[in-house]
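Trainee: Just the structure for this:
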Amino acid sequence: MIDVFARKGFTLTEVLIGLVILAVGILAIAAMQITSTKGGYFSSHLTQATVFAQDKLEYLKNLSYSDSNLSGGLHNEGVLSGTIFSREHHIAEDAGNSMKTITVTVQWTDRGSHSISFSTIRSK
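Mentor: Purely as a prediction, here's the structure:
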């Protein structure tokens, strides 16, 4: 005799529970993707800022010691054309005027304010 009530397939409750578990998993993956994208943008901006700071620092290191760009104080370039970055450099002279400390700082705003600085010492 054939059992008419034999189970074949899944019940509606089992299917709904399976869909809920799948949805939770997909939402977790979507949240990871958003975090990854934000991290990628920050890393890109940090790399660009590093290049801008290193470029200016190398330029200043190769100037003659008495160049006007190496005069003491803060030199603000403002926003770099076509970018979200602003750059400034500060020159600090020692008491004997035989060494200068050059500090280049690049700032940008992207979900908060960020900056990166590089320093070097230049002697006569």
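
Trainee: and the strand or helix carrying Ile121, what other elements does it pack with?
Mentor: When elements are defined using DSSP states H and E, Ile121 is found to belong to strand 113-123. Counting by 3 or more CB pairs under 8 Å, 6 or more residues apart in numbering; DSSP states H and E, the packing neighbours recorded for strand 113-123 are helix 12-61, strand 99-109. Yep, even glycine has a C-beta here, placed from its N, CA and C like the rest.

Trainee: The shortest one packs against which elements?
Mentor: The contact analysis (3+ CB pairs under 8 Å, 6+ apart) places strand 99-109 against helix 12-61, strand 85-93, strand 113-123.

Trainee: hmm, back to that, the strand holding Ile121 pairs with which strands?
Mentor: Looking at strand 113-123 with DSSP bridges, its partner strands are strand 99-109 (antiparallel).

Trainee: Just the buried positions in the strand it pairs with, please.
Mentor: For strand 99-109, the buried set under the neighbour-count rule, 16 or more other CB atoms under 10 Å, comprises Lys100, Ile102, Thr103, Val104, Thr105, Val106, Gln107, Trp108.

Trainee: Make sure Ser98 is actually in contact with Lys124.
Mentor: Yes: under the contact definition of CB atoms under 8 Å, Ser98 touches Lys124, with a separation of 5.3 Å.

Trainee: That'll do, ta.
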